[in-house]
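A.B. asks: Here's a sequence, model it:
(2 chains)
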Amino acid sequence: MTVNMTKGQAISLQKNDGGTLTAVRMGLGWQAAPRRGLFGSRTREIDLDASAVLFADKQPVDVVFFRHLVSDDGSVRHTGDNLVGGVGQGGDDEAILVDLQRVPVHIDQIIFTVNSFTGQTFQEVQDAFCRLVDETNGQELARYTLAGGGQYTAQIMAKVHRAGAGWQMTALGTPANGRTFQDLMPAILPHL
Amino acid sequence: MTAELVRGQNHPLPQVRLEVRVSAGKPVVAGATLSDENGKVPGIEWVAHPGSPTLPGLEVSKQAAADHRLAFDLGALPESVHRVSVLLALPTGVGGPVRFGAVAAPFVAVTGLDGSEVASYTITSLDSESAVVALELYRRQGAWKVRAVGQGYAGGLAELLADQGLPQAHQLAGSINEAVAQGLARSVAAPPPRTADGERSRHAATPALGPDQGGATPQGTPGHTGHTAAPQAGSPGGPAQPDQSAVTQPAMPGAGGSVNYSHPGRQTAAPPPPPPTAPPAQPGQSAQPVAGDATGWSMDERLYNQVWGMFEDLARTTAAYRSAVDFAESRMEQELDKVLSDPRSRIGGQGDAAREAARAKHGLLVDQARVALDRDLAQLTAESEVVEPALPPAFARWDNPVWHGYRVPMEIPMALRLGDLRLPESSTLSIPMLVRLPLERGLWIDSGRGSLDGSLADSGDLRRLAMDTAVANAARLLAVYPAGEYTVHVIDPAGSGASALAPLVQTGVLHAPPAVGAAGVNDVLARLTQRVDLVQMAIRGGAADALPPDLDTAEQLLIVNDFPHGFDDRAVTQLRYLADEGPAVGVHLMLVADREDAAAYGPLLDPLWRSLMRLTPVPDDHLADPWVGHAWTYEPSLIPPGSQVLHHVLSQVAAARRS
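C.D. replies: Prediction:
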């Protein structure tokens, strides 16, 4: 059963049978929106990038993005850069796998962001979504649609953070501007 | 602006009238196939090739050539054409090279009619293939795009065409080859050398591989520094700089990206799942490890991949532990500083309490990190305990019982164990250091530097140990190759290594007695240099059958003791030549040397030292892993004291060679 999340909503990452999740995948998918004009059917390519920033006590200690595909400890893995989107036709174009059990003990929050590397705003993106999947059985836990594309080039999607012995996910959906996650740091910090 | 494509990457095409330029260094056949929306080539009239070079909208060359310019007018193609595949093939039956691995990497570029480059692609890592789909031009939402494909076929044109669904693939491949052979017979001019332009683009294409594929740096490149990892806390600096490229993984599957490059028509390309899978884990405890629990076609390959998996797991879990401890320490320091600068803390016990709290937080986090590390180490240790006994001789330690049942093998193993690797956090767990065979770089066994703890300061002992290490590794190489397929030469100019070399000499596995004196040095080097030259010429000319019949086709290993003793300038130059050119043609180097002894040569020899993989006769932390760059302690694989295993094994090798 999928939870369609709204901004600010938090869910606990517990399995239905009460066991804790061991591995989750943050999937990102999008398609370029067709533009109206002289060449009506032509679409421009949009390169969205998913990144995960690992925080320990509000300090960034590691980041996983298209230039650093695996966190040093191996617990967070990016499956690789997708430059155009739309290949999945509804599936994930980029994905970040998190092995929650192996995340180092000092890391207490992981922030997921989406950036438009090519600089188009989210107005030109169609059907963009971000979803969290239980990697052990492929079940979708939560889906968050990037609705109402506005004049911004980045979005801070969600936060996965420790809560008690397990993990919790909070949908953030905060718009921001920037080409890569570095530009977003000031926008991320208030959410920690 | 040119886009340098990597395999699988696509790029939009701005116009429909285009040229595809090919430059391959050797004559190749260029052609194009048209396919419908199902990706199938319905008939031979959909293929443009030298026997039928023109189709509506495209034209290819009539003959094989080193350089091609294929003209395309994509707008003139029938609507039913959804994909144009540009293919290259080596001409058959004309005495040229029969595999792309023997020629320079073909370079293809899509250009406008004015020659301005739109996209280019260098087709690398081809080996036994004789036909390759270089590019695809395809329709995408009403526009055309180009994709770098680089899919090779060892079965040549016939297999390539059959794979595209052409029913008459074999007949067509035959008629293409015949047309090409006729064309070659007509042509007189030798193929022109590669253009300077193509050469430049090829070099420029290399960094386009992306920064994530570090570690696969070409060996021996002067001045290469490896990829700069942040120094890990606790990794000692000093002269023993970790050699980043010393340990490289053969292929990094994670770097490929989310695009599936496997060919849809050939599902069997993926290795089969490992048969001996671990039983499902009991709830609440981790799975029982099983030897060979990794992908691969053979048990050896599965064990090899499993060892590399253990290597990566240990590197990663240690990185997690170290970063947690570093973080705990920096946080404690910050908090202690804050206490110190707060005037209120001077009153009463508040300061002491805050300091105590900061230390407690630090201790708690470090304890948690240690628990996580211990959990992973226990898992890896359990895995190591089942993997080590299951290893074949090439991967096994000398004290493994598998050596007592040693039989001369029939096949060359995929890798060789050069020693053990361990980290200070897990001193009881050692990972076999496996390198692929044939060796891609020479070995330098350093007889110069002292050990980690400095206990072995006597340089005589160190030299003796270095030579023992060399002999143990050479014996292992001799033992794991089939009989007669590995030849070992020894240069021992002053005879100082005689006692260490005794097992090799007495059992008669050497090609000749160790060469002594300057004359011996020059003689051995001259013979090996000549062999490298001959084999290189034969490979470049594609004429392996023209080699002299008395040439030893076995892999060659040259052990040099006491370098540069007994070497004159000419011999040093020859040795450097062997180190650079030898590995590609099966001549390998094992240098036992103290770099200080060669200090008189100054920076002249720096490229030589860099091109060799440094090993030490005593444990030393000089090797870096390709993932996080920890400094790993290397320990050579030596014969246990008093063991007869070396004599036993070498005797069998010698007996198999005589029979």
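A.B. asks: Can you report phi and psi for the most centrally placed residue in chain A?
C.D. replies: When C-alpha atoms, centre = their mean is applied to chain A, the residue found nearest the centroid is residue A:112 (4.2 Å). Here is the backbone geometry of residue A:112 (degrees, to the nearest 10): phi -110, psi 130.
A.B. asks: Quick check: it touching residue A:96?
C.D. replies: Yes: contact criterion C-beta atoms under 8 Å: residue A:112 and residue A:96 qualify, at 6.9 Å. C-beta coordinates here come from the backbone N, C-alpha and C atoms, glycine included.
A.B. asks: list the residues that contact both of those two?
C.D. replies: A:26, A:50-52 (C-beta atoms under 8 Å, 6 or more residues apart in numbering or on different chains).
A.B. asks: Max pairwise distance over the residues you listed: which two?
C.D. replies: Maximum pairwise distance in the shared contacts of residue A:112 and residue A:96, criterion C-beta to C-beta, is 10.1 Å, between A:26 and A:51.
A.B. asks: Which residues are in contact with each of the two?
C.D. replies: Counting by C-beta under 8 Å, 6+ apart, the residues touching both residue A:26 and residue A:51 are A:96, A:112.
A.B. asks: Which stretches in the chain count as helices?
C.D. replies: Defaulting to chain A. A:181-188 (DSSP state H).
A.B. asks: meant chain B actually
C.D. replies: Counting by DSSP H, the helices of chain B are B:156-163, B:169-186, B:196-205, B:299-341, B:350-390, B:459-480, B:498-507, B:517-541, B:569-581, B:606-611, B:645-658.
A.B. asks: List the contacts of the residue lying closest to residue B:395 once chain neighbours are set aside.
C.D. replies: Nearest non-adjacent residue to residue B:395, counting by C-beta to C-beta, 6 or more residues apart in numbering or on different chains: residue B:417, 5.0 Å away. Contacts for residue B:417 (C-beta under 8 Å, 6+ apart) come out as B:391, B:394-397, B:432-434, B:476, B:637.
A.B. asks: Now, of these, which are buried?
C.D. replies: Using 16 or more other C-beta atoms under 10 Å in any protein chain shown as the burial test, these include B:391, B:394-397, B:432-434, B:476, B:637 as buried.
A.B. asks: pLDDT added to these, as TSV?
C.D. replies: Shown next, in TSV, are the buried ones among the contacts of residue B:417 (pLDDT from 0 to 100):
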residue	pLDDT
B:391	93
B:394	93
B:395	94
B:396	94
B:397	92
B:432	94
B:433	94
B:434	94
B:476	94
B:637	90
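A.B. asks: excluding its backbone neighbours, what's nearest residue B:508?
C.D. replies: Once flanking residues are discounted, residue B:508 sits nearest to residue B:654: 4.8 Å by C-beta to C-beta, 6+ apart.
A.B. asks: Roughly how far does that neighbour sit from residue B:488?
C.D. replies: Using C-beta to C-beta, to the nearest Å, residue B:654 is found at 12 Å from residue B:488.
A.B. asks: what does the domain assignment say about chain B?
C.D. replies: Per the TED database, the domain ranges recorded for chain B read B:3-182, B:299-396, B:443-658.
A.B. asks: quick one: which of the ones you listed is nearest residue A:160?
C.D. replies: Residue A:160 lies closest to domain B:299-396 among the domains of chain B, at 16.9 Å (C-beta to C-beta).
A.B. asks: The closest one: how far from the chain's middle?
C.D. replies: In terms of C-alpha atoms, centre = their mean, to the nearest Å, the centre of domain B:299-396 is found 31 Å from the chain centre.
A.B. asks: avg pLDDT for stretch B:40-58?
C.D. replies: Averaged over stretch B:40-58, pLDDT sits at 83.
A.B. asks: and that stretch, which residues are buried?
C.D. replies: The neighbour-count check on stretch B:40-58 (16+ other C-beta under 10 Å) flags B:41, B:44, B:46-53, B:55, B:57-58 as buried.
A.B. asks: picking that back up, which neighbours do residue B:654 and residue B:488 have in common?
C.D. replies: residue B:509.
A.B. asks: Neighbour count for the two, which is higher?
C.D. replies: Under the criterion of other C-beta atoms under 10 Å in any protein chain shown, the comparison of residue B:654 against residue B:488 puts residue B:488 first, with 22 against 19.
A.B. asks: so what's the closest residue in space to the more buried one that isn't next to it in sequence bridging to?
C.D. replies: With C-beta to C-beta, 6+ apart as the criterion, residue B:488 has its nearest non-adjacent residue at 4.8 Å, and that residue is residue B:557. Residue B:557 has these beta-bridge partners by DSSP bridges: residue B:488, residue B:588.
A.B. asks: In contact with residue B:557, which residues?
C.D. replies: Counting by C-beta under 8 Å, 6+ apart, residue B:557 makes contact with B:474, B:477, B:486-489, B:588-590.
A.B. asks: wait, which of the buried ones among the contacts of residue B:417 is closest to residue B:305?
C.D. replies: Once C-beta to C-beta is applied, the member of the buried ones among the contacts of residue B:417 that ends up nearest residue B:305 is residue B:434, at 10.0 Å.
A.B. asks: how deep is the nearest residue to that closest one once chain neighbours are set aside tucked in, by neighbour count?
C.D. replies: Nearest non-adjacent residue to residue B:434, counting by C-beta to C-beta, 6+ apart: residue B:415, 4.3 Å away. Each residue near residue B:415 was counted by other C-beta under 10 Å, and the total is 22.
A.B. asks: Any chance of the backbone angles for residue 164?
C.D. replies: Picked chain A for this. According to degrees, to the nearest 10, residue A:164 has phi 70, psi -130.
A.B. asks: Can you name the residues of chain A sitting close to chain B?
C.D. replies: A:41-43, A:45, A:56-57, A:59, A:61-62, A:66-70, A:72-75, A:77, A:79-84, A:87, A:92-95, A:102-106 (C-beta under 8 Å from any C-beta of the partner chain).
A.B. asks: Mind doing that once more with 7 Å?
C.D. replies: A:41-43, A:56-57, A:61, A:67, A:69-70, A:72-75, A:77, A:79-82, A:93-95, A:104-106 (C-beta under 7 Å from any C-beta of the partner chain).
A.B. asks: In strands, which of those residues fall?
C.D. replies: Those of the residues of chain A next to chain B mapping onto strands are A:56, A:61, A:77, A:94-95, per DSSP state E.
A.B. asks: how far does stretch B:493-512 stretch from start to finish?
C.D. replies: 14 Å (C-alpha to C-alpha, to the nearest Å).
A.B. asks: mean confidence for it?
C.D. replies: 89.
A.B. asks: what sits up against that stretch?
C.D. replies: Residues outside stretch B:493-512 that contact it (C-beta atoms under 7 Å, 6 or more residues apart in numbering or on different chains): B:464, B:467-468, B:471, B:474-475, B:478, B:487-490, B:492, B:513-514, B:516-517, B:521, B:561-562, B:565-566, B:646-647, B:650-651, B:653-654.
A.B. asks: what comes up buried for that stretch?
C.D. replies: Of the residues in stretch B:493-512, B:493, B:496-497, B:500-501, B:503-504, B:507, B:509-511 count as buried by neighbour count, 16+ other C-beta under 10 Å.
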